[in-house]
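Sequence first, then the predicted structure, then my questions.
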Amino acid sequence: MLRDAANEPATAASGLPVQPPIVHFRHPGYAEGSNRLLSLPALDSGGIDYDVALAACGIIANNQWARVFLTTTKSAEGRIARPDNGLLCERLYFVHVEGAESVWPAVVRLEDWRFPHGNLPVPWDAPEPVQSRDAGRCALSNYADGLEGAHLVELKNAQWWNANELDDYAASATFSGERINSDANIMFLRADLHRTFDERHYTLVPKRNPDGAVRLVVHVFTSTPSGQLRQLWHNRGVHASPIRELLFARFAWTILNPNLTAGFLTPTTGIRHILVWDAETGKHTVETRDRDSCLNIPERLRSRSPTKRMRMDSVPALPPPQQRGNGKGSKGPLHEEKEEDMSWEMGSKTDSGYDEHREEDEQEDEPRGRSRKRLSDVGSERVGRAAKRRALDVEIRENSRW
């Protein structure tokens, strides 16, 4: 029997504005008009989740969860408590750090942010739910076809992973000793959702229901041109429960994104006080950046070569049930980063990454002077890669039956 054309976007949530308002979080230590610290879309019933906003501001304030608070004026008076509905509905807030000078230094790069072992903010510190894999299906859509393995902590951030000892949260990888490739650090996503995930449009966060119960849901931080990403997925529950600590690392990487911190990184006047991690001393230092130095930061991010996608034949298969678990407390050899540190690059120059280079779409760059491959050779390579992907799909499904 013939069927009508599918219309999947019809499942989008109703009532979301075409162009959502923006909530700006400002730094009280800088002049008006040049003190925007973080900007987040108000997608939660016209506001933004209080816990998400406070955790995001806490990351920029160097993990000062207990000392960070918000006000609606530049003064530290009138501290805002968590509203009964859990939402911040004003359009402007100031971020204060109790006991610190008004011009407190900010963390703006992942490489300068230290993972807070044993010190996650509310509600990330809620009792860990039973860990569940996506059983060979997309963690968001539950699709079984067109899957790709998405790293929670990106491979390009392997050096940061090692420096912050995240091996403790990941069991050994199936095909290598590099624990960043462990199945604990990989979530299966449909190809389009993987793409927008890697471009930091969204991530997964725990949110509190009105009854106080914590649920893992999608939170969209930057929309796509069509608006479908936020309409379809914002605040939706997920089909998998990855390890909380690795999700929090992903959350931090999503927040430390020039699309969200552009107001702070591109000041119109004055200077910025930036917190920088010194690997030799194992301590943070405060650097003073002038306007030109700050303006160069986004350009440096955009000048990086595009992110390479993870090949399907490198995605580790799901291990047997008896080998699954978060592997916390386990030790293993650290991965030595051989490539350029890419922790500063962005997924795309705009609010979408649909023009981003994809590894599957074209051949690897060849050294200058080499002749181009014949079409027959290229075709054979593509067939080979397709066969590997099909074989992996079969392996995923076989290993997922538990």
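Ah, there it is. Numbers count the residues shown, from 1 in each chain.

per-residue confidence averaged over stretch 44-62?
Summarised as a single mean, pLDDT over stretch 44-62 is 96.

please begin residue numbering at 399 from this point
Noted, 399 is the first residue going forward, which turns the last one into stretch 442-460.

any weak-confidence spans in the protein?
Along the chain, segments meeting pLDDT under 70 span 410-416, 526-533, 570-575, 665-667, 693-800.

The same query, at a cut-off of 50, please.
Low-confidence segments of the chain (pLDDT under 50): 697, 699-781, 792-800.

quick one: the helices in it?
Along the chain, counting by DSSP state H, helices occupy 448-458, 556-561, 589-596, 626-631, 642-653, 656-663, 689-701, 773-797.

hang on, residue 445 packs against residue 451?
No: using C-beta atoms under 8 Å, residue 445 makes no contact with residue 451, being 9.2 Å away. Backbone N, C-alpha and C define where each C-beta goes, glycine included.

okay, and the common contacts of these two?
Both residue 445 and residue 451 are contacted by 421, 486, under the criterion C-beta atoms under 8 Å, 6 or more residues apart in numbering.

Quick one: residues contacting residue 498.
462, 465.

same thing but at 10 Å, please
Residue 498 makes contact with 427, 459-460, 462, 465-466, according to C-beta atoms under 10 Å, 6 or more residues apart in numbering.

Could you do residue 683 as well?
Contacts of residue 683 by C-beta under 10 Å, 6+ apart are 503, 510, 672-676.

top of these by neighbour count?
Per-residue neighbour counts (other C-beta atoms under 10 Å) across the contacts of residue 683 peak at residue 503, which has 23 neighbours.

Would you agree that residue is in contact with residue 675?
No: Residue 503 is not in contact with residue 675 according to C-beta atoms under 10 Å; the separation is 11.7 Å.

intersection of neighbour lists for those two?
Contact criterion C-beta under 10 Å, 6+ apart; residues shared by residue 503 and residue 675: 460, 510, 682-683.

Rebuild the residues you listed as JSON lines, extending it with distance to residue 544.
Below are the shared contacts of residue 503 and residue 675 laid out as JSON lines (distance: C-beta to C-beta, whole Å):
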{"residue": "460", "distance to residue 544": "40"}
{"residue": "510", "distance to residue 544": "36"}
{"residue": "682", "distance to residue 544": "43"}
{"residue": "683", "distance to residue 544": "46"}
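
These in strands, which ones?
Among those, the members falling in strands are 682-683 (criterion: DSSP state E).

which one of the shared contacts of residue 503 and residue 675 sits closest to residue 495?
residue 460 (8.6 Å; C-beta to C-beta).

Measure how buried that closest one is and give me the count.
21.

Quick one: residues contacting it.
Contact analysis of residue 460 by C-beta under 10 Å, 6+ apart lists 466, 495, 498, 502-505, 510-512, 514, 673, 675, 682.

Now do the nearest residue to residue 435 once chain neighbours are set aside against residue 487, distance only.
Take residue 435 and drop its neighbours on the chain: the residue closest to it by C-beta to C-beta, 6 or more residues apart in numbering is residue 425, 4.6 Å away. Look at residue 425 and residue 487: by C-beta to C-beta, to the nearest Å, they are 21 Å apart.

out of those two, which sits in the busier spot?
In terms of neighbours (other C-beta under 10 Å), residue 425 is the more surrounded of residue 425 and residue 487; the figures are 27 against 15.

Leaving out sequence neighbours, find the closest residue to residue 428.
Nearest non-adjacent residue to residue 428, counting by C-beta to C-beta, 6+ apart: residue 668, 6.5 Å away.

just to revisit the earlier point, so which of the contacts of residue 683 comes closest to residue 403?
When the contacts of residue 683 are compared for distance to residue 403 (C-beta to C-beta), residue 510 wins out at 49.3 Å.

my guess is that closest one meets residue 461, correct?
No: taking contacts as C-beta under 10 Å, residue 510 lies outside contact range of residue 461: 11.7 Å.

burial of residue 525, as a residue count?
For residue 525, the count of nearby residues is 6 (other C-beta under 10 Å).

show me the residues around it that make contact.
Residue 525 touches 612, 642, counting by C-beta under 10 Å, 6+ apart.

partner residues bridging residue 584?
residue 549 (DSSP bridges).

Quick check: buried residues in stretch 488-498?
By 16 or more other C-beta atoms under 10 Å, the buried positions in stretch 488-498 come out as 491-495.

do the same with stretch 565-584
Under the neighbour-count criterion of 16+ other C-beta under 10 Å, stretch 565-584 has 565-571, 576-584 buried.

which two in these are spaced the farthest apart?
Spatially, the most separated pair among those is 566 and 584, at 16.9 Å (C-beta to C-beta).

gap between the residue nearest to residue 467 when sequence neighbours are not counted and residue 555?
What sits nearest to residue 467 in space, not counting adjacent residues and going by C-beta to C-beta, 6+ apart, is residue 477, at 4.8 Å. Using C-beta to C-beta, residue 477 is found at 35 Å from residue 555.

So for those two, which sits in the more crowded spot?
residue 555 (24 against 10).

List the contacts of residue 495.
So residue 495 contacts 425-427, 455-456, 459-460, 462, 465-467, 474, 502-504 (C-beta under 10 Å, 6+ apart).

Provide the backbone phi and psi angles at the nearest residue to it once chain neighbours are set aside.
Sequence neighbours aside, residue 502 is the residue nearest to residue 495 in space, at 4.7 Å (criterion: C-beta to C-beta, 6+ apart). The phi/psi pair for residue 502 (degrees, to the nearest 10) reads phi -80, psi 140.

list the contacts for residue 502?
For residue 502, the contact set (C-beta under 10 Å, 6+ apart) comprises 425-427, 458-460, 462, 465-466, 493-495, 671, 673, 684.

Can you tell me which of those residues is nearest residue 433?
For those, the nearest to residue 433 is residue 425 (4.8 Å; C-beta to C-beta).

Look up how far residue 448 lies from the closest one.
Remark: distance between residue 425 and residue 448 (C-beta to C-beta) = 19 Å.

Equivalent analysis for residue 485, please.
Applying C-beta to C-beta, the value for residue 485 to residue 448 is 6 Å.

shared neighbours of those two, anything?
Contact with both residue 485 and residue 448 is made by residues residue 442, according to C-beta under 10 Å, 6+ apart.
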